[in-house]
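Novice: the sequence and its predicted three-dimensional model are supplied below.
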Amino acid sequence: MATIDLEAVAKSFGPVHVLEPVDLQIRSGEFVVLVGPSGCGKSTLLRMIAGLEEASSGDIRIAGERVNEVPPKDRNIAMVFQSYALYPHMTVAQNMSYSLKLRKTAKERIAEAVKGAAETLGLSKLTERRPRALSGGQRQRVAMGRAIVRRPQAFLFDEPLSNLDARLREQMRAEIKKLHARLGATSIYVTHDQIEAMTLADRIVALDAGKIQQIGTPLDLYQRPANRFVAGFIGSPAMNFVSGTYRAAAAGRPVHLQADHAALPVPDLDRPDGHAVTVGIRPEHVLVEPGDAPGTIGCGVELVEPTGMGTIVHLRLGDVALKAYRPGYTEWTAGQRVHVRLPREHMHIFDEASGARIEPAGSGRSPGLSEWPAATKLD
Amino acid sequence: MTAIGHTGIEPGRLPARRRWATRLEPYLYAAPAVILIATIMLVPLVIGISYAFRDIRLLNPFSGGFVGLDQFVKLASDDDFRLALGNTVFWTGTSVILQFTFGLILALLLNRPFAGRGIAQALVFLPWAVPSFLSGLDWAWLFNPVVGPIPHWLTGLGLMEEPFNILADPDLAMWGPIVANVWWGIPFFAITLLAALQSIPRDIYEAASIDGAGALERFRSITLPFLAPTIAITILLRTVWIANFADLIVVMTNGGPADRTQIVASYIFTTAFRRLDFGYASAIAMVLLALLMIYSLLLVALRQTLLNRS
C-alpha cells in the first residue's frame, strides 16, 4: 500500500483547462472518492494517476516517487473500469491471472491468487467461463478480481458500479466497502453518485468544472458544505435553496426572502445590510406545521412522494420550490396550505454572488457533528 | 399475418386455392432474387461446366461433341498446367502474405491519431481505385529500363549490375506482377483491418497496459485475437481473388518468359481466348474451382473454430 500525492496537477487540452491545479495527499490505506457531475474532471484526474493520461503540469507521486513519466504498466496500480474492460477472448481465470503472468509469477502462486480472489468474490464456479457468458454483476466481480489478485500499490475505480441496476449497485457497494476494510488498500474511487461517495469514502473530494470544491469526510461535506455546489450535490433529496437579502439593520437581523418578502430568522452574519445571500436547508430539517405559528412561512403542497421509508413533500413558496422530508408517512396532501418552519440552527448561508459558505458571526462552525442527529426530531 | 387472422376461419377449413396461395407466399417473395441468381450465375456456371466434358474449339466447326473425361485425362499429364499450378501457389501465397503484412502495418499506423490522418487515409486507399489493367501497364513501364526508373535505382543501390528488365528474366519475372499486385492490393487489407482495429474498445488496451502489458504484448494478446476472425476471412477472400486474378500477369508478362509467370488463371485465359479451346479451358477452370473450394472450406472451418473459441 502506498501514499499518493498530487502537487498542482493540472490538465488542459490546448487552451481548454479541463482540470485546474489539484493538490491532494492520499494516505496509505485511505479510501478517497472523487465525486462530481459528468465533465467535472474527476475521471481525467484518475486517469492521470493511472498514467493513461498525461498531466499537463504538476507532480504525481506514488509512494513518494514521482511517476509522471512512468508508463501505466510500471506504476503497479490496478484499475476497475466502468465498462469492466474484460478481455473477451480469455476465461475468467485468464482475465484475473493476466497481469501475474506478465510479471512472470510462478504458476502455483498464480493459481493460488486466482483461487483466493474467486472465492472472495463468489466466482469459484465461473472461472472457466468467458465474460460473454456472465451477467453484469459477475463481470463487475471479475473486474474487481483482476485488480485484487495483483496486490497493487493502489486501486483505482472509475465509476465501477454505474452499469449495474440499483439493487446490485447497493450490494456491490457494500462488498467494495468490506473488501477495502479487509485489504486496507489505498483506493481512489470516481463516481457521480453522491450516495456511493457518502457510504464508501474516508474522504470525499468534490469536483465541479475542473476545480476542487471541497475535501473532507462525508459528514464534513454533508454538514458543512463549503459552497452552494457541494451543498446541492451531496444529499438526496437535495438541499433547498432560497434567495434573499440579509437585513443587518432590521430587528432580529433576518433574511428577507425574494420569493414573498417574508422575513426569515437566520443566524447572525458578519455581512453588511443588504447583502445578497442564499439560504440552504436540507429537506429533513424543514418542519411542516399546520398552524400559522409565529416564524413560519405559508406554503402550498404541490406533490407528496411516499418512498416507504419516508415521505418527500414538495412545497411551493412563491416561485421557489421547497422539499421537506419526514420519516414514515404524512397526512399532507397535494393542494393543501401548510406552514413551514426553517430552523436557523440547520441553515447553511451562502454568498449569493460567489456561492461560498458564510459562517455565522462569532462561531467557527455552524451545525456541528453533535447537533446532527437532532434532524430527526421532526414530529 | 395472412388472411387467417382477418377471417377467423380455421386453417383446415380454408378453400384449397386459398391454402395454396398461403403456402406459396414466401416463395413468391423470394422468387425475384432466386430467378436473378439462377439466370446470371447458375445457368452460365452449368453451361461452363458442361464445356469441360465437350470438345469445343471455336475454329473447328466439327467440334462440340461429348468427350467425357478426356480433357481431364489430358490435363493430368499437361506439364504446362503443372508449371502454372506451381506458379499460382507462389504468386498467390507471396502476394497475399505481402499484401497482408503491409496492409496490417498500414492499418496500425492509420489507427493512431496524427495530423493529416484524413488525407493520409484517402491517399492510402487510392491504388484500390486504379483499374488493374492500368496499374499493370504502369508497373510494366516502371520496370522497363528504357522508360522506367526502377532498374536504374536498383543499379544505383548495387542490387543490379546493370539496368535490365526483370520482367524479361525467367528467374525474376514473377516478382514484377507480384510487386504490382502488392501495391494494388494493400488498400483492401488496410481498409478491412483498420475497420476491425477501430472496433476494439480502447479501454481494453488501457486495462492491459495497467495490467503490465507493453506495446508488443498488447498487440499479441489483444490486437491479434480481436483481428483473427477478420484476418481469416480477408485472407480467404484475397487468396481466392488473387488465384483467379490474371489481369496483371496478362498485361505485364503475358505468362512469359517461357511460361515462368503463367498462372492457372492466365493459362485458362490463354487457352480460351488465344487458342480458342473453350472445352479444355473449362476443364482447367473446373480443377481450379475445386481446389479453391477445398481451400475455402478449410479456412471457413478454421474461422468458425476461432469464433467459437472467443
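Specialist: Now that the structure is in, tell me what you want to look at. It should be emphasised that the depicted structure is a prediction, and the values quoted were computed from it without experimental measurement.

Novice: residues from chain A in reach of chain B?
Specialist: A:50-52, A:71-75, A:77-79, A:81, A:83, A:85-89, A:98-99, A:102-103, A:130, A:146, A:150 (C-beta under 8 Å from any C-beta of the partner chain). For the C-beta atoms, the positions are set from N, CA and C on the backbone; glycine is no exception.

Novice: which among those residues count as buried?
Specialist: If you count burial by 16 or more other C-beta atoms under 10 Å in any protein chain shown, the buried members of these come out as A:50-52, A:72-73, A:75, A:77-79, A:81, A:83, A:85-89, A:98-99, A:102, A:130, A:146, A:150.

Novice: hey, what's residue A:59 bridged with?
Specialist: As for beta bridges, residue A:59 partners with residue A:7 under DSSP bridges.

Novice: before we move on, back to that, restricted to strands, list the residues of chain A next to chain B.
Specialist: Judged by DSSP state E, strands contain the following of the residues of chain A next to chain B: A:77-79.

Novice: using TSV, please lay out the residues you listed together with distance to residue A:297 and pLDDT.
Specialist: Formatted as TSV, those follow (distance: C-beta to C-beta, whole Å; pLDDT from 0 to 100):
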residue	distance to residue A:297	pLDDT
A:77	52	91
A:78	53	92
A:79	50	92
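
Novice: would you turn these into a markdown table with distance to residue B:197?
Specialist: Formatted as a markdown table, the entries for these read as follows, by distance: C-beta to C-beta, whole Å:
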| residue | distance to residue B:197 |
| --- | --- |
| A:77 | 27 |
| A:78 | 26 |
| A:79 | 23 |
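
Novice: let me know the closest of the residues you listed to residue B:203.
Specialist: Taking C-beta to C-beta as the measure, residue A:79 is the one of those closest to residue B:203, at 9.4 Å.

Novice: gap between the closest one and residue A:190?
Specialist: From residue A:79 over to residue A:190 the distance is 10 Å, taken as C-beta to C-beta, to the nearest Å.

Novice: overlap in contacts, the two.
Specialist: A:46, A:156-158 (C-beta atoms under 8 Å, 6 or more residues apart in numbering or on different chains).

Novice: could you list which of the residues you listed belong to strands?
Specialist: Restricting the shared contacts of residue A:79 and residue A:190 to those inside strands, with DSSP E as the criterion, leaves A:156-158.

Novice: adding neighbour count, write those residues out as TSV.
Specialist: Compiled in TSV, those are given as follows (neighbours: other C-beta atoms under 10 Å in any protein chain shown):
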residue	neighbour count
A:156	26
A:157	26
A:158	24
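
Novice: hmm, back to that, so which of the buried ones among the residues of chain A next to chain B sit within helices?
Specialist: A:50, A:98-99, A:102, A:146 (DSSP state H).

Novice: count of residues packed around residue B:92?
Specialist: The local packing count at residue B:92 equals 25, with neighbours defined by other C-beta atoms under 10 Å in any protein chain shown.

Novice: ok, back up a step: nearest to chain B, of the ones in strands among the residues of chain A next to chain B?
Specialist: Proximity of these to chain B was ranked by C-beta to the nearest C-beta; the top entry is residue A:79 with 4.9 Å.

Novice: quick check: bridge partners of the closest one?
Specialist: For residue A:79, the beta-bridge partners under DSSP bridges are residue A:156.

Novice: would you mind measuring from it to residue A:304?
Specialist: Distance of residue A:79 to residue A:304, computed by C-beta to C-beta: 44 Å.

Novice: how about residue A:12?
Specialist: Counting by C-beta to C-beta - residue A:12 and residue A:304 are separated by 48 Å.

Novice: tell me which of those two has more neighbours.
Specialist: The residue with more neighbours, out of residue A:12 and residue A:304 and counting by other C-beta under 10 Å, is residue A:304; that gives 18 against 13.

Novice: pLDDT value on the more buried one, please?
Specialist: As summarised for this prediction, residue A:304 has a pLDDT of 92.

Novice: list the pairing partners of the helix or strand harbouring it within its sheet, with orientation.
Specialist: Counting by DSSP states H and E, the secondary-structure element that holds residue A:304 is strand A:297-306. Using DSSP bridges, the neighbouring strands of strand A:297-306 in the sheet come out as strand A:310-317 (antiparallel), strand A:337-341 (antiparallel).

Novice: got TSV for the ones you listed, with mean neighbour count too?
Specialist: As requested, the strands paired with strand A:297-306 are arranged in TSV below (neighbours: other C-beta under 10 Å):
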stretch	mean neighbour count
strand A:310-317	19
strand A:337-341	16
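
Novice: could I get these as TSV with mean pLDDT?
Specialist: Listed next are the strands paired with strand A:297-306 as TSV, based on pLDDT from 0 to 100:
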stretch	mean pLDDT
strand A:310-317	90
strand A:337-341	88
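
Novice: which one of those strands lies closest to residue B:151?
Specialist: With distances scored as C-beta to C-beta, the stretch of those nearest to residue B:151 is strand A:310-317 (86.0 Å).

Novice: other residues contacting that closest one?
Specialist: Counting contacts by C-beta under 8 Å, 6+ apart, the residues touching strand A:310-317 from outside are A:237, A:242, A:257, A:259-260, A:283, A:286, A:288, A:297-305, A:321-330, A:332, A:338, A:340.
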